[in-house]
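>>> Dropping the sequence and predicted coords here.
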Amino acid sequence: MVIVLGLYRQHDPPWRWVVAWAIAVTLLMKLCVKTRSAGLPFVRNMLTIECVATIRACSKAYGASHARRAEKLSAVGTALRRLEGDVMRAHRRSGTVAFLSPRRRELKAHAGQVVAVLRKAEAALDHGPHATVLGEIAGLAATIGEQHVTGHIGALLPRSALEGKQPVRDREVLRVAVAVVLIAGGAVGLAFLGLPDKAAVAAGAAWAVVIMMALFGSNWARYLPVLDLFKPGP
């Protein structure tokens with residue numbers, strides 16, 4: 001498409017290029033709408049997918065040999081971090097809650113309590129029998145998955161399990177904002193160093209990856225779309 005637009009741009013009169021550009025933009029917009037609608041079911045089911053992944057990680061850790069137990073327990077922690085993120089985003093992805101709906105506050109508090117329960121269960125790995133704790137974590141993930149499938153995003157875990165739990169705050173938006181500011185600041189700083197173009201690009205990419213890893217840990221790759229904000233224009 002870019003090649004076609006380039007060819008049109010070389011011809012007179014200029015209105016041909018304008019018409020070609022308008023058609024290209026229209027087609028891209030339609031493609032984005034079609035792609036988004038096709039991807040919505042997958043996005044809405046991400047929480048259930050992560051529940052299954054957590055249960056699988058617990059199963060592998062349960063059956064792991066002594067030599068590989070540490071590795072498998074670490075994998076359980078990684079799966080839980082991803083599950084927590086999807087729990088926090090469940091109300092936004094459901095498509096059933098309006099952007100300014102007052103229901104969002106209650107749903108966010110509920111999601112924070114669910115994450116608090118998951119973290120308490122994970123902490124028990126450090127002082128409780130692994131088999132029992134892994135079974136508890138897998139049971140929590142199964143309950144969350146079942147409730148999510150039925151559309152009960154405000155009852156992912158029973159109230160009895162959430163009593164007295166202080167909701168964990170969702171700091172994802174804040175961390176993304178910090179990442180954008182730090183990456184942009186690094187790009188500005190590199191511009192003043194007067195490095196060759198290739199060196200500046202390499203240094204900028206390395207700086208961006210370091211920032212993403214520092215802010216998002218092992219899940220940093222899931223936030224790579226943030227870097228699209230810093231891609232140069234055509």
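Received, thanks.
>>> contacting residues for the nearest residue to His110 once chain neighbours are set aside?
Leaving aside its sequence neighbours, His110 sits nearest to Gly154 (CB to CB, 6 or more residues apart in numbering; 5.4 Å). (C-beta placed from N, C-alpha, C; glycine too.) Counting by CB atoms under 8 Å, 6 or more residues apart in numbering, Gly154 makes contact with 91, 103, 106-107, 110.
>>> Quick check: PyMOL command selecting the buried ones in the residues you listed.
This is the PyMOL syntax for the buried subset of the contacts of Gly154, where burial follows 16 or more other CB atoms under 10 Å:
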select buried, resi 91+107+110
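>>> Rebuild the contacts of Gly154 as CSV, extending it with secondary structure and pLDDT.
Listed next are those as CSV, based on DSSP: H, G, I helix; E, B strand; the rest coil; pLDDT from 0 to 100:
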residue, secondary structure, pLDDT
His91, helix, 86
Arg103, helix, 88
Glu106, helix, 91
Leu107, helix, 91
His110, helix, 94
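>>> which of the contacts of Gly154 sit farthest apart?
For the contacts of Gly154, the farthest-apart pair by CB to CB is Arg103 and His110; their separation is 10.3 Å.
>>> one step back: give me the pLDDT for the residue nearest to His110.
pLDDT recorded at Gly154 is 92.
>>> what does Ala202 give?
Reported pLDDT for Ala202: 82.
>>> buried residues in the helix or strand hosting it?
If you go by DSSP states H and E, Ala202 is part of helix 197-216. Of the residues in helix 197-216, 203-204, 207-208, 211-212, 215-216 count as buried by neighbour count, 16+ other CB under 10 Å.
>>> quick one: which of those residues is nearest to Ala191?
Gly204 (9.4 Å).
>>> How is the nearest residue to Ala155 once chain neighbours are set aside assigned, secondary-structure-wise?
Ranked by CB to CB, 6+ apart and with sequence neighbours excluded, the top spatial neighbour of Ala155 is Gln147, at 5.7 Å. Recorded secondary structure, Gln147: helix (DSSP: H, G, I helix; E, B strand; the rest coil).
>>> next one: Leu100
Look at Leu100: counting by three-state DSSP, its state is coil.
>>> What separation do you get for it and His110?
Separation of Leu100 from His110 (CB to CB, to the nearest Å): 18 Å.
>>> before we move on, what about Leu174?
20 Å.
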